[in-house]
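Engineer: coords please:
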Amino acid sequence: MADAGAPPASGSTTDVADEAIPTVLPSDVGMDYIPLATMLATGQLAEADQFTRDALITLAGSKAKGRDFVYFTEVKNIPSTDLATIERLWLKFSKGKFGYSVQKRKWRLAKGDFEVFCRKIGWTTTDGEVERKKRWFGASEFTYDVKKAPEGHLPLTSALRGTSLIKQLLEHPVWDNDDWKKEPEA
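Structural biologist: Numbers count the residues shown, from 1 in each chain. Below is the predicted model:
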C-alpha cells in the first residue's frame, strides 16, 4: 500500500509462540495463508503485517485491488472465513497479544475514542511535548516485536483516510459471535 505507507520491507525476527504451522487455513476465495502462518511462526512480523494488509485489499474486491487500498465501505465484502483465519493466526503466534479481536477489546476500553485507542495500542509517540501518530513512511516507528509491542499493536490499519476503515474492521460481522475462534478440522 504505497499510498498509505508501509512498514519496512523486511523486519528482524522476534520471539513468537513456538507453535506448529497449521495446515488447514480456510479461505472462501482460495487465498493461501501458509505464507502468513510461516511469517508469524518465524517472527517476521513486519512482513506478516504487510501480508495482512495486502490480503485485506485482495479480499475486499477488484476495485480495492485496483487502487491498492480498502475503502471502509468495502470491509463488508471481506469474507468472514478469511478474516477468521487471519485472526486465528495472529492470535496463535502472538500468544493472544495481537489481532483484530484484541484491538476490538482495546477499542471498547477506549469507548470508541480513536486518540485513546491509539495510545492504548502504541500507535502514538511524543516529539518533545507534542503527541503524534507513529509514521509508516521511511523508517517505520512501529514495534514488530511480540515482547516489546503493546497488546493490540498489530496488525496495523491505515487511518490516512480517516478512522472509518479500522472502525468497520472492528465491527465486521465475523466478530458477532465466537464461531471465528473454532479451529477448522482437517
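Engineer: any idea how far the residue nearest to the spatial centre of the chain is from residue 84?
Structural biologist: Taking CA atoms, centre = their mean as the criterion, residue 155 is the residue nearest the geometric centre of the chain, at 2.4 Å. According to CB to CB, to the nearest Å, residue 155 stands 14 Å off from residue 84. Backbone N, C-alpha and C define where each C-beta goes, glycine included.
Engineer: can you give me the offset of whichever helix in the chain runs longest from its chain's centre?
Structural biologist: Longest helix in the chain by number of residues (criterion: DSSP state H): helix 45-60. Distance, stretch centre to chain centre, for helix 45-60: 8 Å (CA atoms, centre = their mean, to the nearest Å).
Engineer: could you point out which element follows it?
Structural biologist: helix 62-67 (DSSP states H and E).
Engineer: which residues touch that next one?
Structural biologist: With contacts defined as CB atoms under 8 Å, 6 or more residues apart in numbering, helix 62-67 is touched by 3, 56-58, 70-71, 74, 77.
Engineer: Ranking by neighbours, what's the top pick from the residues you listed?
Structural biologist: Neighbour counts for the contacts of helix 62-67 (other CB atoms under 10 Å) peak at residue 70, which has 28 neighbours.
Engineer: rewinding a little: and the closest residue to the residue nearest to the centre of the chain other than its chain neighbours, how many residues sit next to it?
Structural biologist: Spatial nearest neighbour of residue 155, chain neighbours left out: residue 52 (4.4 Å); criterion: CB to CB, 6 or more residues apart in numbering. Using other CB under 10 Å, residue 52 is surrounded by 24 other residues.
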